[in-house]
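S.K.: Return a 3D structure for these sequence lines:
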Amino acid sequence: MVEHITAERLADMIDAGEQFTLVDTRPEESFDAWHVRDAENVPYDPHEELSDAQLEDVDELVGDGPVVAICGKGLSSTAFAFDLAAHGYEDVAVVTGGMEAWSTVYEVVPVETSREDLVVRQVQRRAKGCLGYVVGSRATGEAVVVDATRQTDQFKVAAQDAGLSITRVLDTHVHADHISGSPALADEVGVPYHLGEGAAERGVAYEYEPLADGDVLEVGDVEIEALHTPGHTSEMLSYLVDGELLLTGDTLFVDSVGRTELQFGEADAARGAELLYDSLHDTILELPDDTTVLPGHVAVTTDGRYEHGSPGTPLTARLGDLREDLDVLGLDREAFVERLTADTPEKPPNYERVIAINTGRETVDDEGEATELELGPNNCAA
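M.R.: From the prediction side, this is the model:
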């Protein structure tokens, strides 16, 4: 018998250390580009039966244990699972929705704060490493959402579970690796949407209320100050919450800094790197060492592992620790620019189209197309 399980159930099984073999039936190139942690690749064509060689591969990988099959959308893996069952495998499951569903698995994690009134939830999109935030006041029940992803209900539920109502939605910048859910979320709950004032220069067509460097939003007694930190993009803002938490977007991560050529292009990446150097040294590193950095992403490897921390735990860092541990922050200006421009990593898939959508110049109405545009981990770090 073949069982169907959700992507969330697969995440629970992985986190609990359950013993099973995860078989990914997509073509080798798709598997190599991005897959779930510890998955094994057995490419399978549902129009053909399992070959003797494939059965030998599966026998060697699986032995007598349970098998979970996954593919892009759950189609070829379903046929694969039934083929295995027909060959005598008794404990076989299929991930409904495949990698598309895996890309929408979330964890909502409380972030410790020094004030009882200040409530912060980190909303982790597991497969892509996207990190969004709900920041609110327990006393007034108000909250802002920062860097919402396309699955906007995740942020509504996170706020509701914290006893908060969303009163504003903010983006740190125009994202390149995923479709922002912030404009849609603001529209759905009927509240203002904010971007940095520099977004006007990028031709953002969405209706938004611009924030300038030094502007302060109040959520009850919680103050959120906008800090202009260009480099990854020209309009990038970081948000300083009550002087103790810094939401850095793609400016500073817990293990790296943001890349600069996605907006500026290869020819002008050095200018972006110079801007980023100034943002880091003249703004962010001027803050106290005890400032908690809350980044916009965590790096995810092609085999689905977090480079830092683990899903379901707060992905944060103390600024003083980053100052000491990240060698890139100790470079002088010239060496920093050279580091960021000499060997740029692979660009996020479809990033130009994603940017066009996130500026409102293009639209995507089909859920399947949106999912295809976002498949794969983020690649926003230098």
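S.K.: in this structure, which spans are helices?
M.R.: For the chain, helices defined by DSSP state H occupy the ranges 7-15, 28-33, 52-62, 76-86, 98-102, 153-161, 182-189, 261-264, 269-282, 319-325, 333-342, 351-358, 367-374.
S.K.: Of all those helices, which one comes closest to residue 254?
M.R.: With C-beta to C-beta as the measure, helix 319-325 is the member of the helices of the chain nearest residue 254 (7.1 Å). Using the backbone N, CA and C atoms, a C-beta is placed for each residue, glycine as well.
S.K.: Mind listing what's buried along that closest one?
M.R.: Neighbour counts over helix 319-325 (16 or more other C-beta atoms under 10 Å) mark 319, 322 as buried.
S.K.: Mind putting the helices of the chain into CSV with distance to residue 234 and mean pLDDT?
M.R.: Listed next are the helices of the chain as CSV, based on distance: least, C-beta to C-beta, whole Å; pLDDT from 0 to 100:
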stretch, distance to residue 234, mean pLDDT
helix 7-15, 36, 96
helix 28-33, 30, 92
helix 52-62, 49, 88
helix 76-86, 43, 94
helix 98-102, 33, 93
helix 153-161, 26, 98
helix 182-189, 18, 98
helix 261-264, 6, 90
helix 269-282, 7, 96
helix 319-325, 23, 97
helix 333-342, 16, 95
helix 351-358, 12, 94
helix 367-374, 23, 86
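S.K.: So which of these is nearest residue 294?
M.R.: With C-beta to C-beta as the criterion, residue 294 lies closest to helix 319-325 of the helices of the chain, at 10.8 Å.
S.K.: list the helices and strands the closest one packs on?
M.R.: Applying 3 or more C-beta pairs under 8 Å, 6 or more residues apart in numbering; DSSP states H and E, one finds that helix 319-325 contacts strand 292-295.
S.K.: so the lowest-mean-pLDDT helix or strand in the chain versus helix 351-358, what angle?
M.R.: Sorting the helices and strands of the chain by mean pLDDT, DSSP states H and E puts helix 367-374 at the bottom, at a mean of 86. Orientation check (axes from the mean of the first three to the mean of the last three C-alpha atoms, to 10 degrees): helix 367-374 against helix 351-358 gives 130 degrees.
S.K.: For helix 367-374, buried residues please.
M.R.: Buried residues in helix 367-374, counted by 16+ other C-beta under 10 Å: 371, 373, 374.
S.K.: contacting residues around the last one?
M.R.: Yep, that's residue 374 we're talking about. Contact partners of residue 374, counting by C-beta atoms under 8 Å, 6 or more residues apart in numbering, are 103, 128, 150, 177, 178, 179, 350, 354.
S.K.: can I get those residues in CSV with distance to residue 318 and neighbour count?
M.R.: Formatted as CSV, the contacts of residue 374 follow (distance: C-beta to C-beta, whole Å; neighbours: other C-beta atoms under 10 Å):
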residue, distance to residue 318, neighbour count
103, 30, 23
128, 25, 24
150, 31, 23
177, 26, 26
178, 27, 26
179, 32, 18
350, 35, 18
354, 32, 24
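S.K.: could you dump the helices of the chain to CSV with distance to residue 110?
M.R.: Shown next, in CSV, are the helices of the chain (distance: least, C-beta to C-beta, whole Å):
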stretch, distance to residue 110
helix 7-15, 17
helix 28-33, 33
helix 52-62, 38
helix 76-86, 35
helix 98-102, 24
helix 153-161, 10
helix 182-189, 21
helix 261-264, 31
helix 269-282, 28
helix 319-325, 20
helix 333-342, 34
helix 351-358, 28
helix 367-374, 26
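S.K.: Near residue 6, how many other residues are there?
M.R.: Applying other C-beta atoms under 10 Å, we find 14 residues neighbouring residue 6.
S.K.: Setting aside sequence neighbours, what's the nearest residue to it?
M.R.: Using C-beta to C-beta, 6 or more residues apart in numbering and skipping the chain neighbours, the partner closest in space to residue 6 is residue 96 (5.9 Å).
S.K.: What of residue 115?
M.R.: Nearest non-adjacent residue to residue 115, counting by C-beta to C-beta, 6+ apart: residue 242, 6.5 Å away.
S.K.: mind checking how far the one you found is from residue 324?
M.R.: 24 Å (C-beta to C-beta, to the nearest Å).
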